[in-house]
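K.L.:
Predicted coordinates and the sequence they were generated for:
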Amino acid sequence: MNWKSQDVRAGLLFLVVGIYFGAATLMQLELGSLEQMGAGYFPLMLSIILVALGVGVLLQAKPDEFEHAPVNWRALLLIGGAPIAFGLSVRSLGLLPALLISVAMAVLASRRMGRFEGVAIIVGVTVFCVVVFKFGVGIPYPLINPKLYS
Amino acid sequence: MELFDGLLLGFQVAISPTSLLLCLLGVTLGTLIGVLPGIGPAATIAMLLPITLALNPISALIMLAGIYYGAQYGGSITAILVNLPGEPSSAVTAIDGYQMAKQGRAGAALSISAIGSFVAGTIATMVLAVASPALSQIALQFGAPEYFSLTLLGILMVVVLSQGSALKGLGVAVLGLMLGLVGTDVFTAETRFTYDIDEFRSGVDFIAVTIGVFGVAEVLRNLEGSENIRRSSHKISSLMPTREDLRRSVGPILRGTALGSVLGVLPGGGAFLSSFASYVIEKKVSKHPEEFGHGAIEGVAGPESANNAGAQASFIPMLTLGIPSNAVMALMIGAMIVQGIQPGPRVIVTQPDLFWGLIASMWIGNAMLVILNLPLVGAWVALLRIPYAVLFPGILAFCCIGTFSANGLEIELYVLAVAGVGGYFLTRLGCSPAPFLLGFVLGPMLEEHFRRAMLIAQGNAGVFFTRPISAVLMIIAIGLAASMFIPSLLATRKRVFADADE
């Protein structure tokens, strides 16, 4: 069995999630009967189906048809981190800094970006978003947290 | 006369300045993302959902629908001029459309594709107007067992017809169903799988999950490859098709429209399948099959009409049954729920202005698209020069601020990040995100119908087979499920036998 094959990994994922979900259901939720179903009946059904599907995918696993591009870890970290950074900063610092930080992270994710180009994109995108959301849609969050300057 | 009254009401709604403006905005945005590769209608609609919360439900749906069918038009522009289909449904158009462009007939190809799309859009809109009220009449008699069978069938069909392995598709759909269960159980008021996070009591937010799976994950996918692809476009000399072109296109346009109207209704059908089927049929019936692949106008006219008709027709099950036939329709259902409208057969009765207004706006939108596309084609082509490096930071910023503005909860940004990274890894495992989203949207409904059916039938699971409508739906569902296993079983056996022979 080739551990790098898409099929094998997908099958294992289904298997693990199915078993975990099923175990969690059994431990936490009332099953009830088919006539009088508890909160756990349907989730348990789903876990059993998912485990079965996982086994099915593993049994039918074929080797990959073509080589995949390697995961761009730098992009993954920066792009995946951008919403988190936005979430951490949007209330404490304000909308404007949150946007600047997350757009800057996105720009850093691209390897071929000149310094001037990058700054231009950060400023441009931030201004655009502020215009659309703050002045267009009118979302009720301050651009800069008032506590920071009072 | 019900139809006439309905259409009259619809046009009154659709002709109001707000509706017209939002329809125009929708189709323009749709064309834009159709032209730009690397961002599709599902991602765009997900990103714009939070903005549409500020609008009334009718305006919101008019705009979101415009994005969907607008993208079908836009996708064909790049398919013909650059051999780069902006949307999967335009992939077939690129075969003969690009050959025509190489022969200096890009203008004719673009015009025929716009005319075909418009004719198809008009006819399919009529089909929608006629078929939907009838279908919803039938659906009004549905009870919990019928709804359960129908929902199950809908999920299975999307899985069977989506690309990639059916088993994996099914697995992803179950993952989606599971995520849909997070929150408070409506029957017992117990919380499930919330891990003591208060915000999850009402379920994991639909907007954050979809933006993550379609928006953020798509950015990640695009950053895998090289970022700088040069795209050069062919010149457009004259937009006028010759009389010969028009004559040869009439048949394909009408056949494509009929095909799209039928296939679009099927779950999992929609635009992609329709355009593909149309190309195959045109090649079969043509007197000059050898011209296909070398710039046959029929190869542009048929698929382009079919994909637009398919896109319109996929609204039928969404509006009448509340069952989405593809990822975009799942988003529309989500948009309705977020707006406080319960999707299903009652929408036509309780919200006639929404139903008919949407239909009328689709026709108006199609007319707008012809105007937008033909004279302005040069402007759209110029957009192709925007490098992706400029686009994706904007897409990401929109994803973040859009998610946050929907409810103002930071946790949804963390959900967004997890959904984005998770969605990306799922596609790397060869799992398409459409069944996941469908499962996520339909999960709560599927469980509710199942439990209600069991309550009514006192635990007798045979109820799904003793009620006639439900029985038919179930038999189709079981047949579909069986068909997923059989071909692969046969293939496995063949492989085993081949190994044994060696």
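P.N.:
Done, it's in.

K.L.:
C-alpha from now on. contacts and neighbour counts both.
P.N.:
OK.

K.L.:
now the stretch 51-200 of chain B, which segments are flagged as low pLDDT?
P.N.:
Counting by pLDDT under 70, the stretch 51-200 of chain B has low-confidence residues at B:85-88, B:161-164.

K.L.:
Nearest to chain B: which residue in chain A?
P.N.:
A:E35 (3.7 Å; CA to the nearest CA).

K.L.:
Would you confirm that B:H294 contacts B:A101?
P.N.:
No. Applying CA atoms under 8 Å as the test, B:H294 and B:A101 come out as separate, 10.5 Å apart.

K.L.:
wait, what's in contact with B:T52?
P.N.:
With contact taken as CA atoms under 8 Å, 6 or more residues apart in numbering or on different chains, B:T52 is in contact with B:A60.

K.L.:
was I right about A:G56 contacting B:K168?
P.N.:
No. Between A:G56 and B:K168 there is no contact, the gap being 9.1 Å when judged by CA under 8 Å.

K.L.:
which one of the two has more residues nearby?
P.N.:
A count of neighbours by other CA atoms under 10 Å in any protein chain shown puts B:K168 above the other of A:G56 and B:K168, at 24 against 17.

K.L.:
mind listing what the more buried one touches?
P.N.:
Counting by CA under 8 Å, 6+ apart, B:K168 touches A:A10, A:G11, A:L53, A:V57, B:G430, B:C431.

K.L.:
ok, 10 Å please
P.N.:
A:7, A:10-11, A:14, A:53-54, A:56-57, B:159, B:174, B:429-432, B:435 (CA atoms under 10 Å, 6 or more residues apart in numbering or on different chains).

K.L.:
how far is the one helix or strand it maps to from where the chain is centred?
P.N.:
Using DSSP states H and E, B:K168 maps to helix B:166-181. Chain-centre distance of helix B:166-181: 19 Å, with CA atoms, centre = their mean, to the nearest Å.

K.L.:
Tell me the helix or strand right after that helix.
P.N.:
strand B:183-184.

K.L.:
returning to what we had before: between B:H294 and B:A101, which is the more surrounded one?
P.N.:
Under the criterion of other CA under 10 Å, the comparison of B:H294 against B:A101 puts B:A101 first, with 26 against 16.

K.L.:
I'd say that one and B:N83 touch.
P.N.:
Yes. Here B:A101 lies in contact with B:N83, judged by CA atoms under 10 Å, at a distance of 9.2 Å.

K.L.:
residues touching B:F464, list them.
P.N.:
B:F464 makes contacts with B:144-149, B:450, B:453-454, B:457, B:470-475, as judged by CA under 10 Å, 6+ apart.

K.L.:
Please list which of those are also close to chain A.
P.N.:
Checked against chain A using CA under 10 Å from any CA of the partner chain, those yield the following neighbours: B:F450, B:A453, B:M454, B:A457.

K.L.:
Among the residues you listed, name the ones in helices.
P.N.:
Cross-referencing the ones next to chain A among the contacts of B:F464 against helices under DSSP state H gives B:F450, B:A453, B:M454.

K.L.:
Not counting its neighbours along the chain, what's nearest residue 121?
P.N.:
Just going to use chain A. Sequence neighbours aside, B:V390 is the residue nearest to A:I121 in space, at 6.6 Å (criterion: CA to CA, 6 or more residues apart in numbering or on different chains).

K.L.:
Sorry, I should have been clearer: chain B.
P.N.:
B:A309 (5.5 Å).

K.L.:
cool, B:A139 as well?
P.N.:
Nearest to B:A139 is B:P345, by CA to CA, 6+ apart, at 5.9 Å.

K.L.:
contacting residues for the residue of chain A closest to chain B?
P.N.:
By CA under 10 Å, 6+ apart, A:E35 lies in contact with B:R451, B:R452, B:A453, B:M454, B:L455, B:I456, B:A457, B:Q458, B:G459, B:N460, B:A461.

K.L.:
State the next helix or strand along the chain beyond whichever strand or helix holds B:V250.
P.N.:
Assessed by DSSP H and E, B:V250 sits inside helix B:243-263. Where DSSP H and E defines the elements, the next helix or strand beyond helix B:243-263 is helix B:270-285.

K.L.:
export that following helix as CSV, just CAs?
P.N.:
What follows is helix B:270-285, C-alpha atoms only, in CSV (Å, rounded to 0.1, in the frame of the first residue of the first chain):
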residue,chain,number,x,y,z
GLY,B,270,-26.4,22.1,-14.7
ALA,B,271,-24.1,23.9,-17.1
PHE,B,272,-21.1,21.6,-17.4
LEU,B,273,-22.9,18.3,-18.2
SER,B,274,-25.2,20.1,-20.6
SER,B,275,-22.5,21.7,-22.7
PHE,B,276,-20.5,18.5,-22.9
ALA,B,277,-23.6,16.5,-24.0
SER,B,278,-24.5,19.1,-26.6
TYR,B,279,-21.1,18.9,-28.2
VAL,B,280,-21.3,15.1,-28.5
ILE,B,281,-24.7,15.3,-30.0
GLU,B,282,-23.9,18.1,-32.5
LYS,B,283,-20.9,16.1,-33.7
LYS,B,284,-23.1,13.0,-34.2
VAL,B,285,-25.9,14.8,-36.2
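
K.L.:
Tell me the residue of chain B that sits nearest chain A?
P.N.:
Counting by CA to the nearest CA, chain B gets nearest to chain A through B:G459 (3.7 Å).

K.L.:
Stretch B:439-448 close to chain A?
P.N.:
Yes. Residues of stretch B:439-448 contacting chain A under CA under 10 Å from any CA: B:L446, B:E447, B:E448.
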